[in-house]
Every structure is written in C-alpha cells, then in structure tokens.
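> build me a model:
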Amino acid sequence: MKPILKGRAVVGQSGGCTAVINQSLAGVIEGVRGRREITALWGAAYGVNGILGDDYINLKSQSASVLKALGHTPSSALGSSRHKLPAGGEEEVLARLRRHDVRYLFMIGGNDTADTVLRIARAAEKENYELRVVHIPKTIDNDLKETDHTPGYGSVARFAAVTTQEAGLDTRAMKDVDPVKMIELMGRNSGWIVAASALLKKTQEDPPHLLLLPEIPFEEGRFLDRVEAVVRKTGHCVVVLSETIRDAQGNRIGALREGITQDPFGHVYVEGAARYLCRRVEERLKVRARFDKPGTIQRMSMPYVSTVDQREAFLAGVHAVRWALKGVTRVMVGFRRAPGKLYRIDYVPVPLEKIPNRERYLPENFLTSDSLMTTEAFKRYALPLLGPNLPSFPSLKR
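I've put the predicted structure just below:
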C-alpha cells in the first residue's frame, strides 16, 4: 500500500445526464466521509469547465437532507459539459489543481471523459505531481469497453422496455386509425438501447415488431417490405429505431444539413429518422404512421429508474474513493459479472488506457440471423439490469 496522501479531492460530472449519475456522486461523497486524508471535497461545476474556472461547490458543507436526496435526483447536480480540451489543455487543468493542492480527481462520465482524465493523469505523471485519478463510468449508450455494462444503461433500458409495450398497446387499440408507430431512441453508434425495447416482448405479436440498429446498414426497400408484411398479419406494426441509423454508405437517415451539426468531440447531431420513415411508410402503404421521440427524457426518467442501476452507480463511486485512498490511480471502475445463475457484479479497476476512443457494439449472438430482433442471450444479459417489479400487461381473450 502506498503512503498516506493528504490533500483536497475534486469530483466532476461530464457528458449526457442520466437517472443515476448523481448516485455515483453520492457514492463519492459517502466514500470520502470521515476520511482525514481528504481535507476537502469540491464538486467541479459543469465538468472540467469548473476546474478551469475555479468554480467549485463545497460538498462537505451541504445539508444532510440534500445529500440524502441527491442520489434520487435525475440529471447532473453539479452541472455537466462536453468540453474538449485543446492541445496542452490538460496542463492548464493540472496547474489549477496543483494551485489548490488537489490530490484526488474523480470524474463521472463516458468515453470522452475517459480521454480527458487520462490526459490529465499523464500530465501529472510527466510533472511528477502525485494525483490519483479514477474514472467512474456513466453512459446510457452502454458502449464502453472492458466493462459488463455502464451505470445509466439499466434505467434507460427499463424505460425503453416498458414504454415500448405501452406504445404497442396504444397502437393496437388504434390500429384502424394509426396502424404504424415508430419509436426513435438514443444510443449513438450502438444499438443497446433499441435492443432493450424488446426485453418484455413475449410473443411475435407483441411489440416491437422490427428493430433498426446503427450497427446494421439500413435498407429502405427491405424495411418497407417488412412493415407491410407485419401490418397484413397483425393489423399494426411497432418499429423501434436508433436515431443514428445509416445506410450502407454510412449516410445517416435524418442527419441535420444546416445549423450546428456536431458537438465539440465531433459527434454528429441527428434528428428526423422516425419522421422520414413515417412519411415513406405512408407513401407505400397508404396508411397513417405516427412516431414518438422521447429525446433526453428517456435518459433521466425517475419513474422508470432501475433500483439495480441506482445501487451499482452508487457503489462505483464508493469503490473509486476506496481505491484512490489505497494508491490506485489511472483506472476506470469496471463491472465484472460473476459466473452463475444469480446476477452479481464485482467491481474491478481497469487501466484507463483501455477505454478512450473505443466503442462496444451489440455482439452477433444478441441478434437474430436477420438482425431485426434480439435473442434469448441478450435477454439473459440485459433483463437483470432493469431491476424488479416490471409491469405485466394482460390481454382480453377473444
């Protein structure tokens, strides 16, 4: 074990907000509680921007009632950002941290956040400044490598699974008027969220009837044929699609052509995939097609939050502090699923170098041979993440 290192700690939140990102913040606060090595715990306002602007929130001075409720509050309590450090920007961040004798840095975020904190850790090592850096994973996209899953995914997956069944009931009831429904979900370059929409599907007649994933090139003719076949058979069709679906040439369906087209990290903003497909369905089938696009609501809806997701996000924060105090640095808190029938997660430190600029996609065995639906293997993987007390919707016998 490394010698005791005394100094301040900083924790920040970055990237898209989730229903459980504040659980990880609460875990860090709990982990620091009573530890004399950490002389102060500051929350960086709006991610790395708070460090650059010396804009901090004193987390030790907050009331007990606020801290208790923090983990059950959606979005980012500290404020988030997508600030990309320019070349050499990590050196400025380090200088700010050194000025305040910050020795512990915890950043809660996804792939881009991992890249940022790795750069800061390397800068500290280069200048021989002992700074213990731990990345706490967070992303609804579930696309980080080296971990079974990421905090935030279980809750958005629960949202997708339940609301798809609810939308399906509405579409079935209104099939004489609006027989086709498109549900457009998030997920960047991977289809984990879209796949979760099928977790409560029990029969072929249950929604969703068709999944459109960013990993699978979109073929419009094949898509229209499938929708038409489902409508003929069941009288209605529910399609769940990723907002980032693309054709074989890599062109995104519904990509913005004007205005701000990408974020600071180069990720393309998209909109309109479901709207476009509804129009094509109406032209082909001559029936009404509607679409739902929950947008950012899906990633922070507390009525759909997974208690499993909450617990794991909290413990990720606790473990981050525990490891840092033992001298562990430049790691991400990884989730490793224990073998056996009962679901259990172990927390393991993953070298931070293995995380940035890599994405994890749906494996082939999680999709059917036609890539239009998920398999039982995916259900075994994802269903435990949704938590208990999932709703069941009965149907009247005819």
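> just confirm residue 133 is within a helix.
No. Counting by DSSP: H, G, I helix; E, B strand; the rest coil, residue 133 is not found in a helix; it is strand.
> helices or strands up against the longest helix seen in the chain?
Ranked by residue count, the top helix of the chain under DSSP state H comes out as helix 153-173. In terms of contacts (3 or more Cβ pairs under 8 Å, 6 or more residues apart in numbering; DSSP states H and E), helix 153-173 is packed against strand 180-185, helix 192-196, strand 237-242, helix 307-325. Placement of C-beta: from N, CA and C, glycine included.
> tell me the buried residues in the helix or strand just after the third one?
Moving toward the C-terminus from strand 237-242, the first helix or strand encountered (DSSP states H and E) is helix 273-285. Of the residues in helix 273-285, those buried under the neighbour-count criterion (16 or more other Cβ atoms under 10 Å) are 273, 274, 277, 278, 281, 284, 285.
> do the same with stretch 205-220
If you call a residue buried by 16+ other Cβ under 10 Å, then stretch 205-220 has these buried ones: 206, 207, 208, 209, 210, 211, 212, 213, 214, 215, 216, 218.
> hmm, back to that, tell me the mean pLDDT for the longest helix of the chain?
In this model, helix 153-173 carries a mean pLDDT of 98.
> which among the helices and strands packed on helix 153-173 is found nearest to residue 396?
Comparing the helices and strands packed on helix 153-173 by their distance to residue 396 (Cβ to Cβ), the top pick is strand 237-242, with 19.3 Å.
> follow-up on the earlier one: okay if I get the buried residues of helix 273-285 as JSON lines plus pLDDT?
Formatted as JSON lines, these follow (pLDDT from 0 to 100):
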{"residue": "273", "pLDDT": "93"}
{"residue": "274", "pLDDT": "95"}
{"residue": "277", "pLDDT": "96"}
{"residue": "278", "pLDDT": "96"}
{"residue": "281", "pLDDT": "97"}
{"residue": "284", "pLDDT": "97"}
{"residue": "285", "pLDDT": "97"}
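> and the furthest pair within these?
Largest separation among the buried residues of helix 273-285 by Cβ to Cβ: 273 and 285, giving 18.1 Å.
> who's in contact with residue 357?
By Cβ atoms under 8 Å, 6 or more residues apart in numbering, residue 357 lies in contact with 111, 115.
> tell me the contacts of the nearest residue to residue 159 once chain neighbours are set aside?
Of all residues beyond its chain neighbours, the one nearest residue 159 is residue 304 (4.1 Å), with distances taken as Cβ to Cβ, 6 or more residues apart in numbering. By Cβ under 8 Å, 6+ apart, the contact set of residue 304 is 19, 155, 158, 159, 162, 163.
> how about the strands of the stretch 51-200 of the chain, start to end?
Under the criterion DSSP state E, counting those that start in this stretch, the stretch 51-200 of the chain contains strands at 56-58, 102-109, 132-137, 180-185.
> does the residue lying closest to residue 135 once chain neighbours are set aside count as helix, strand or coil?
Excluding its sequence neighbours, the residue lying closest to residue 135 (Cβ to Cβ, 6+ apart) is residue 332, at 4.2 Å. What three-state DSSP gives for residue 332 is strand.
> ok, residue 332 - how many residues close by?
Counted with other Cβ atoms under 10 Å, the neighbours of residue 332 add up to 30.
> do the one 10 residues further on as well
Neighbourhood size, residue 342 [other Cβ under 10 Å]: 7.
> equivalent analysis for residue 36, please.
The local packing of residue 36 (other Cβ under 10 Å) involves 7 other residues.
> and residue 18, by the same measure?
32.
> check what pLDDT residue 1 gets.
59.
> residue 122 now?
pLDDT for residue 122: 97.
> pretty sure it contacts residue 93?
No. Using Cβ atoms under 8 Å, residue 122 is not in contact with residue 93; the gap is 11.5 Å.
> tell me which of these two has more neighbours.
Higher neighbour count among residue 122 and residue 93: residue 93, with 21 against 16, using other Cβ under 10 Å.
> mind checking how far the more buried one is from residue 68?
Per Cβ to Cβ, to the nearest Å, residue 93 is found 31 Å from residue 68.
> kindly report the same for residue 194.
35 Å.
> neighbour count for those two, which is higher?
Under the criterion of other Cβ under 10 Å, the comparison of residue 194 against residue 68 puts residue 194 first, with 29 against 10.
> for the more buried one, give me its contacts.
160, 185, 187, 211, 212, 213, 240, 241, 242.
> check contacts around the fifth one.
Meaning residue 212. Contacts of residue 212 (Cβ under 8 Å, 6+ apart): 194, 218, 223, 239, 240, 241, 242, 245.
> who's it bridged to?
residue 241 (DSSP bridges).
> okay, it: pLDDT?
98.
> how's this structure carved up into domains?
7-151+304-354, 156-299+361-386 (automatic domain parsing).
> tell me the most buried of these?
Ranked by mean neighbour count under mean count of other Cβ atoms under 10 Å, those are led by domain 7-151+304-354, which reaches a mean of 20.
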